[in-house]
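> just coords:
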């Protein structure tokens, strides 16, 4: 089988923290010509892996077709990009913003790029630095499809799973925040669940041994919710919201009786009860969605 060698891209990575360094090394090991820059020059020279460190940001990004930014936040990125000569050096290049932020940050980034003749993709990486360039890494991209298509082969060096989300520039940040909320919310729930077990003298291992039960329930409900949200109809014959609320009340009571924090289950109960107060008590669990789309 004849393999086409990947075209080597001239690129730069701005920001050499744990993530930026991992990205730069992954691009370099895929055969790309990678310039790196960091506000603290020592961090840039420590990246190694075949990358080339520059003391001057203007020199690092000049003549590069792709510039990947990985900084602590958008404010730091805006500050760095507004340094003298940087915008001019970036004109005609493609900037990939891999700093995590909100959709509003992404919209500001696009406005800046368009004002300076820079092509722009906003991206969100769902991986720890050690997962970069492994099958466990996913990067979401938003922006003009043509810009993504032009660079996707190069970008796959950091994640084979490079997912184009939407033309709307805030789409990658939206999806990232959405997935992370589901992750953090789910994690808090099972940690509180483990605390309930421990408080009642049950080894939390008993809960974790049933992992497939709770993951299975979440999966079934997510699939049902997808269809119900699409149709904007939440009636069904599985289990009414009233019944779910009664179950959550037991969880609150257990927590209070066991004298552990009941803050999280109370918050759950409030959200579910709000949907019941809105007259949705005889609908299915995903009906709660209706009261979450209002302030």
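That came through fine. Computed from a predicted model, the values in this text were never measured in an experiment.
> Now do the helices in the stretch 51-200 of the chain.
57-61, 74-81, 86-90, 103-115, 145-155, 171-199 (DSSP state H, counting those that start in this stretch).
> okay if I get those helices as CSV plus distance to residue 223, mean neighbour count and mean pLDDT?
(Glycine included, C-beta is placed from N, CA and C.) Listed next are the helices of the stretch 51-200 of the chain as CSV, based on distance: least, CB to CB, whole Å; neighbours: other CB atoms under 10 Å; pLDDT from 0 to 100:
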stretch, distance to residue 223, mean neighbour count, mean pLDDT
helix 57-61, 45, 20, 98
helix 74-81, 35, 18, 96
helix 86-90, 44, 18, 98
helix 103-115, 26, 18, 97
helix 145-155, 28, 16, 98
helix 171-199, 14, 16, 97
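> Identify whichever of these lies nearest to residue 255.
Nearest to residue 255 among these is helix 171-199; the distance by CB to CB comes to 6.3 Å.
> now the helices of the stretch 51-200 of the chain as a markdown table including distance to residue 231?
Converted to a markdown table, these look like this (distance: least, CB to CB, whole Å):
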| stretch | distance to residue 231 |
| --- | --- |
| helix 57-61 | 48 |
| helix 74-81 | 37 |
| helix 86-90 | 46 |
| helix 103-115 | 26 |
| helix 145-155 | 29 |
| helix 171-199 | 20 |
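> Any idea which of those helices gets closest to residue 275?
Short answer: helix 171-199, nearest of the helices of the stretch 51-200 of the chain by CB to CB, at 16.7 Å.
> quick one: contacts for the nearest residue to residue 221 once chain neighbours are set aside?
Among residues not flanking residue 221 along the chain, residue 285 sits closest, at 6.2 Å (CB to CB, 6 or more residues apart in numbering). Residue 285 is in contact with 221, 224, 225, 239, 241, 244, counting by CB atoms under 8 Å, 6 or more residues apart in numbering.
> Repeat that for residue 244.
So residue 244 contacts 272, 285 (CB under 8 Å, 6+ apart).
> so how far is residue 291 from it?
14 Å (CB to CB, to the nearest Å).
> Same check on residue 33?
53 Å.
> Then residue 106?
In terms of CB to CB, residue 106 sits 28 Å off from residue 291.
> repeat for residue 222
18 Å.
> picking up where we left off before, which one of the helices of the stretch 51-200 of the chain lies closest to residue 131?
Closest among the helices of the stretch 51-200 of the chain, using CB to CB: helix 171-199, at 14.4 Å.
> ok now the closest one, how far from the chain's centre?
13 Å (CA atoms, centre = their mean, to the nearest Å).
> which other helices and strands contact whichever helix or strand comes after it?
Counting by DSSP states H and E, the next helix or strand C-terminal to helix 171-199 is helix 205-208. With contacts defined as 3 or more CB pairs under 8 Å, 6 or more residues apart in numbering; DSSP states H and E, helix 205-208 has these neighbours: helix 171-199.
> can you tell me which residue is nearest the centre of this structure?
residue 176 (2.7 Å; CA atoms, centre = their mean).
> burial of residue 116, as a residue count?
For residue 116, the neighbour count with other CB atoms under 10 Å is 16.
> do residue 70 as well
25.
> Which residue comes closest to it once chain neighbours are left out?
Using CB to CB, 6+ apart, the closest residue to residue 70 is residue 20 (3.7 Å).
> Tell me the confidence at the one you found?
We have a pLDDT of 98 for residue 20.
> So it lies in a helix, does it not?
Yes. With DSSP: H, G, I helix; E, B strand; the rest coil as the criterion, residue 20 is located in a helix.
> That one against residue 38, yeah?
Yes. Taking CB atoms under 8 Å as the definition, residue 20 is a contact partner of residue 38 at 7.4 Å.
> show me the contacts for residue 84.
Residue 84 touches residue 58, counting by CB under 8 Å, 6+ apart.
> how about 6 Å then?
With contact set as CB atoms under 6 Å, 6 or more residues apart in numbering, residue 84 has no partners.
> And it, how far from residue 56?
11 Å.
> With residue 227 instead?
Distance from residue 227 to residue 56, by CB to CB: 55 Å.
> between the two, which one's more packed in?
Set side by side, residue 227 and residue 56 show more neighbours around residue 56, with 14 against 10, by other CB under 10 Å.
> Next, that one: phi, psi?
phi -100, psi 130 (degrees, to the nearest 10).
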